[in-house]
Each structure stands twice: as structure tokens, then as C-alpha cells.
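K.L.:
Turn this into a structure:
(one chain, ligands or ions: 1)
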Amino acid sequence: MADYQKLEAVIGLEIHVQLNTLSKMFCACPNNPEESKPNTNICPTCLGHPGTLPTVNASAVEKMVRVGLALNCHIPKESEFARKSYFYPDLPKGYQITQADKPLCQKGFLVLSNQRKIRIRRIHLEEDTGRLVHDHQQNCSLIDFNRAGVPLMELVTEPDFKNGQEVTEFAQELQMILRYLGVSNADMEKGEMRIEANVSVQPKADPLGSGTKTELKNINSFHAVRMAIDSEIERQRVMISQGEKVTQETRGWNGQQTVLQRKKEEEQEYRYFSEPDLLPIRWTEREIMEIAQSLPELPAAKRSRLSREYQIEQQDIEVLVRDPALASYFEKAASELLSWKKDEKISSEKTSQLMKLLANYLISDLKGLIGSGSIKDLKITPENFAELIILIFQGKIPSRLAKGLLKDMFETGGDPSQIMADQGLAKIDDEKMLQPVVKRIIDNNPQACQDYRQGKTAALQFLIGQLMGETKGAVEPDHARRLIEDQLK
Ligand SMILES: [Zn+2]
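P.N.:
Below you'll find the model as predicted:
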């Protein structure tokens, strides 16, 4: 019997992702996951009619190589497609075109935030199957072939994960990289990204993998993947420490615990062989280099650059990295601030305050106003947003009023100084901007002015109240009193 404390988990992943190409993998049918009418995007090729020939979708192949390069993979000079024979009702040909021992990408890795390196064994390209729809009213099953032949990438990791947290971090980072590369939205809820985890538990000192693995499948959110893995590790640790044997099986997740879906009988024999209807894919070094040079800045690089250049909080950096449009807006506004600080000769310590102020107003306030809308529709230019931050930084607008000003800018797209002038929202000690407002109040209230001159102090209070109201509280009461008294002299 094994000691519960000395048992540790070994986890490996297989992740399938639908690529967002315009057409399917081996025919010209549209690849449209939004198509709701069954069997609309189909042709003899993706229905597997005898005598049809597949043609490789070059865009899918290039997207895959982009993913491979982003994940530090080696791209072999030659790779090829293979036939995997098995019978399933939603697989019309009776075999799937996939890749076997010559995949497009090999031996990559991704580093987690705890600095552990997760090795990627391979990433290959294949075609998706159709979809079975079970009609319980009619008591029958129907097949929709819209998805049959959609390009699917399969990524296989080495068994390098230790817990559910590491797995979800890896999967979320992968999703972000796929989005940065523009190859897939990889939405788990929509089935665009499907994670299968092989989980086994064994004594820590045992490097050979003596544990029996179970396969967790059909889990459709990051949160559920994490819970399912941790719950499965616990189940196996308890079983093994009590002397029970874990059996090889496929398990699902019911929201509370992993549940048996089916027992694994002997390994299936897929009889892989090279696809005779397709030529091998060959690359020159130059072609690979050109694709590598076309990659955008990836999340990890963006994280370290933002931290180096702007010295803002780690959690703010994470918000920006997850939202590239917001990050680009931040950087435009930050560059305005940096050139302003250069002219004003602001110290570097103060610069970091300025950047934190920008990150704060952008991430808490502006993002809150945008809500579920898109930053692309935002009326405030980065220049005007930077100007607002400078006004706040200089104390020209009290922070209690800044949020209201930001809201006005959000609605009208106006320039902050202009809005302040229009609304009499002058800075506390800017006499020049306040004088016309004071004059207007005095002109509009002749009776109160006369009362004041006759010694009625309540009249002065009234005029101060008017000025405070006009400036929405931007003027301190003492200052307002002095301004009015001076004007009435
Ligand atoms: Zn087709």
C-alpha cells in the first residue's frame, strides 16, 4: 500500500483546436462554425464519396506553422499526412486524414509563471469529424456534416503537469497565443478548443510512470478542467493509498466529481499509413524564416516589455496582455505622457506615478465605461485621455471631479480642457478661468450683491454657493469667498 503523502500526479494533455480558415481542410466548402442549417456546407469530398480527391488547404498549413513557431517547435523540412482507419458514423470515409510519424511541428515548449517548462511533443494537422445530433423525441440520431473536414490542430504535451492549476494556465496561455496569431478564437464553450487530460498518480520516487492513467474528456470550460483534474488526482490518491487499483478508463465531469464514461478495452489498431492521395509537405529554411518574421509580438514578450517600459503593476500588465486593443490604446496614451514629461523635465520617480495613474484610470474607470462595448468605438482619443491624466497629475482637477469629466469625454469625445472651460470646471487656483464665471454670477444676481453691500452676510453665502455649484465643487469655499469679495469691492 502506498503512502498517500508520497503520491504525486503526472498529467499530459491532448488539445484539439479548430482553425479559423475560410474553407475546409481538403475541399472548398466554407468553414463556418456559425452555420446552423445542417448539411449546408458539404460536397462529395467532405462526404467521402468514392473517387473524390483531397486538396490541401495551404492557409491551414501556414497557420499551423505559425502556432508551432510561437510555441518554440522545430518545423521538420518534410512532413506528411496519414490515414487513420476507424469506423464512426460521423466519419464518412471510414478513415480520418491526420498525421502520424511525420507531424508538421515537433518538440516545442511553453514556460509557466512558476518557471516550469512544459514540453510539447508534437502539433499536427487533421480534419474534424461531423456531428451526431440525438433526437430524443423521434428516438433517433441524425448526422450533420457541416463540421466534417474542418481543419483541426492537435497539440500533444509530454506528461509534465503536476496539477489542475498548471493545466489551466497552460491552456489559457495557449488560447491567448492562438488569438494573437489570429488562427482561432479557441472558445471552449463553443467547442473550438477541446482539452483531454491523461491523469495518473504514482509514488514521487518513481520516474518510470507506474501509475495507470485515466483520460478526462468532454469538459467545456477552463474552470471545470481545473476542478476535474484536481478531483481526479484526489480520487486516485485515495484509491492507491487504500490499496485499490485504478483502471484505465475515460471519465467525464458532472460538476462535483469525475464520472466513468467508458472502460478502455485493448488499444485500437488504427493501421496508419501515408495518405496516398496527398504529396508530402516540404519547407525551405527561407520559407520558415519568413513565417517566423511575420509573427506578432506574443503574450510573454509583451508582458516583459510592458513591465520594463512602463513599470506598472503586474495585475495591470495582465489585463493589458489579455486585451491587445486596450494595450495598444494604453501605449499610445503613454507615449503622449512620456513626451510631455520630457518637455516638463519630470523626474523618473514621478514618471512611474504618471504611468500608474494612466493604468488606473484606463483599467478601472475607462474600461468600466466601455463595458461590453469595443474600445475601437471609443470616442476619446489617446491624446485627450493622456491630457486628462496630466490635468489630474498636476492637480488641476480634483480626483473627485475627474470621473465626471471622464464620463463627459466618453459621451462627447471632447477635449478635457475644453469641457472644463465650458462647464466652468476650472482648476482650483486658476483665476483667469474663474473670473468670467464669478462675473457672470454677480451680473445674474444684482439683488444678492446689493444685499451684501448693505451688510447682509447671508447674501455672500448665497453667492459662494452659486459659484461652487457652477464649478461643480472645483473651487474650495474659502477661495470662492475671496474671489467674490474681490469682485464686489
Ligand atoms: Zn466539402
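K.L.:
low-scoring pLDDT stretches of the chain, where are they?
P.N.:
The model of the chain has pLDDT under 70 over residues 1, 205, 207-209, 265-266, 424-430, 472-474.
K.L.:
okay, which residue is most central for it?
P.N.:
residue 322 (4.2 Å; C-alpha atoms, centre = their mean).
K.L.:
So which bits of the protein are right by the ion?
P.N.:
Residues of the chain lying close to the ion by C-beta under 5 Å from the ion are 27, 29, 43, 45, 46. Quick note: C-beta positions are derived from backbone N, CA and C, even for glycine.
K.L.:
hmm, try it at 8 Å
P.N.:
Applying C-beta under 8 Å from the ion, one finds that the chain approaches the ion through 24, 26-29, 41-47, 148-149.
K.L.:
ok, now which ones touch the residue lying closest to the residue nearest to the centre of the chain once chain neighbours are set aside?
P.N.:
Nearest non-adjacent residue to residue 322, counting by C-beta to C-beta, 6 or more residues apart in numbering: residue 176, 6.6 Å away. Residues near residue 176 by C-beta atoms under 8 Å, 6 or more residues apart in numbering: 299, 321, 322.
K.L.:
ok, how many other residues are close to the second one?
P.N.:
Just to be clear, that refers to residue 321. Residue 321: 20 surrounding residues under other C-beta atoms under 10 Å.
K.L.:
just checking, it touches residue 303?
P.N.:
Yes: proximity of residue 321 to residue 303 meets the contact threshold set by C-beta atoms under 8 Å, at 5.3 Å.
K.L.:
quick one: which of the contacts of residue 176 sit in helices?
P.N.:
Judged by DSSP state H, the subset of the contacts of residue 176 located in helices is 299, 321, 322.
K.L.:
Which stretches in the stretch 101-250 of the chain count as helices?
P.N.:
164-181, 222-241 (DSSP state H, counting those that start in this stretch).
K.L.:
circling back to that earlier point, which of the residues of the chain next to the ion are buried, as a ChimeraX select command?
P.N.:
Selection of the buried residues among the residues of the chain next to the ion in ChimeraX, burial being defined by 16 or more other C-beta atoms under 10 Å:
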select :24,26,27,29,41,42,45,46,47,148,149
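K.L.:
The nearest residue to residue 221 once chain neighbours are set aside: neighbouring residues, count only.
P.N.:
Of all residues beyond its chain neighbours, the one nearest residue 221 is residue 188 (5.6 Å), with distances taken as C-beta to C-beta, 6+ apart. Neighbourhood size, residue 188 [other C-beta under 10 Å]: 19.
K.L.:
With residue 476 instead?
P.N.:
Neighbours of residue 476 (other C-beta under 10 Å): 13.
K.L.:
now swap in residue 217 and tell me
P.N.:
Residue 217 has 17 nearby residues by other C-beta under 10 Å.
K.L.:
Distance of it relative to the ion?
P.N.:
Distance, residue 217 to the ion, by C-beta to the ion, to the nearest Å: 27 Å.
K.L.:
I'd guessed that residue sits against residue 259; true?
P.N.:
No: if you go by C-beta under 8 Å, residue 217 and residue 259 don't touch, sitting 11.1 Å apart.
K.L.:
which residues are common contacts for these two?
P.N.:
251, 252.
K.L.:
just to revisit the earlier point, now the helices of the stretch 101-250 of the chain as JSON lines including distance to residue 193?
P.N.:
Formatted as JSON lines, the helices of the stretch 101-250 of the chain follow (distance: least, C-beta to C-beta, whole Å):
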{"stretch": "helix 164-181", "distance to residue 193": "6"}
{"stretch": "helix 222-241", "distance to residue 193": "10"}
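K.L.:
and of those helices, who's closest to residue 410?
P.N.:
Nearest to residue 410, of all these, is helix 164-181, at 26.4 Å by C-beta to C-beta.
K.L.:
Now that closest one: buried residues?
P.N.:
Buried, per 16+ other C-beta under 10 Å, within helix 164-181: 164, 166-181.
K.L.:
repeat for stretch 260-275
P.N.:
residue 275.
K.L.:
Ok, stretch 246-254 next?
P.N.:
246, 251, 253.
K.L.:
And the residue of the stretch 251-400 of the chain found nearest the ion, how close does it get to residue 250?
P.N.:
Closest approach between the stretch 251-400 of the chain and the ion, counting by C-beta to the ion: residue 277, at 14.7 Å. Distance, residue 277 to residue 250, by C-beta to C-beta, to the nearest Å: 32 Å.
K.L.:
Repeat that for residue 397.
P.N.:
61 Å.
K.L.:
Show me how this protein divides into domains.
P.N.:
Taking automatic domain parsing as the reference, the chain has its domains at 4-292, 299-423, 431-488.
K.L.:
got the end-to-end distance for the longest one?
P.N.:
Okay, so that is domain 4-292. With C-alpha to C-alpha, to the nearest Å as the measure, domain 4-292 spans 47 Å from end to end.
K.L.:
can you check stretch 111-125 too?
P.N.:
23 Å.
K.L.:
what comes into contact with that stretch?
P.N.:
So stretch 111-125 is contacted by 25, 60-61, 64, 67-68, 71-73, 81, 98-99, 103-110, 151-158, 160-162, 166, 169-170, 173, 300 (C-beta under 8 Å, 6+ apart).
K.L.:
Filter these down to the buried ones, PyMOL style.
P.N.:
Per 16+ other C-beta under 10 Å, the buried members of the contacts of stretch 111-125 correspond to this PyMOL selection:
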select buried, resi 25+60+61+64+67+68+71+73+81+98+99+103+104+105+106+108+110+151+152+153+154+155+156+157+158+160+161+166+169+170+173+300
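K.L.:
Contacts only, for residue 202.
P.N.:
7, 8, 10, 209, 210, 211.
K.L.:
For the nearest residue to the last one once chain neighbours are set aside, grab the count of nearby residues.
P.N.:
Nearest-residue entry for residue 211: residue 200, 3.3 Å, with adjacent residues in sequence omitted and distances by C-beta to C-beta, 6+ apart. One way to gauge burial is a neighbour count; for residue 200, by other C-beta under 10 Å, it gives 22.
K.L.:
separation between residue 200 and the ion?
P.N.:
Counting by C-beta to the ion - residue 200 and the ion are separated by 40 Å.
K.L.:
What distance do you get for that residue to residue 389?
P.N.:
53 Å.
K.L.:
Residue 389 is in contact with residue 358, isn't it?
P.N.:
Yes: judged on C-beta under 8 Å, residue 389 makes contact with residue 358 at a distance of 5.0 Å.
K.L.:
any shared contact partners between the two?
P.N.:
Joint contacts of residue 389 and residue 358 (C-beta under 8 Å, 6+ apart) are 333, 337.
K.L.:
Columns distance to residue 52 on top of the contacts of residue 176, output as TSV?
P.N.:
Shown next, in TSV, are the contacts of residue 176 (distance: C-beta to C-beta, whole Å):
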residue	distance to residue 52
299	41
321	45
322	43
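K.L.:
from the residues you listed, which is closest to residue 333?
P.N.:
Distances from residue 333 to the contacts of residue 176, taken by C-beta to C-beta, are shortest for residue 321, at 16.8 Å.
K.L.:
ok, now which ones touch the closest one?
P.N.:
176, 299, 302, 303, 306, 327.
K.L.:
try 10 Å
P.N.:
Residues counted as contacts of residue 321 (C-beta atoms under 10 Å, 6 or more residues apart in numbering) are 173, 176, 180, 298, 299, 300, 301, 302, 303, 306, 327.
K.L.:
does the third one really touch residue 325, like I thought?
P.N.:
I take that to be residue 180. No: in this structure residue 180 lies outside contact range of residue 325 using C-beta atoms under 10 Å: 11.8 Å.
K.L.:
rewinding a little: please tell me how far the residue nearest to residue 322 sits from the ion.
P.N.:
31 Å.
K.L.:
try residue 447
P.N.:
Residue 447 is 85 Å from the ion, by C-beta to the ion.
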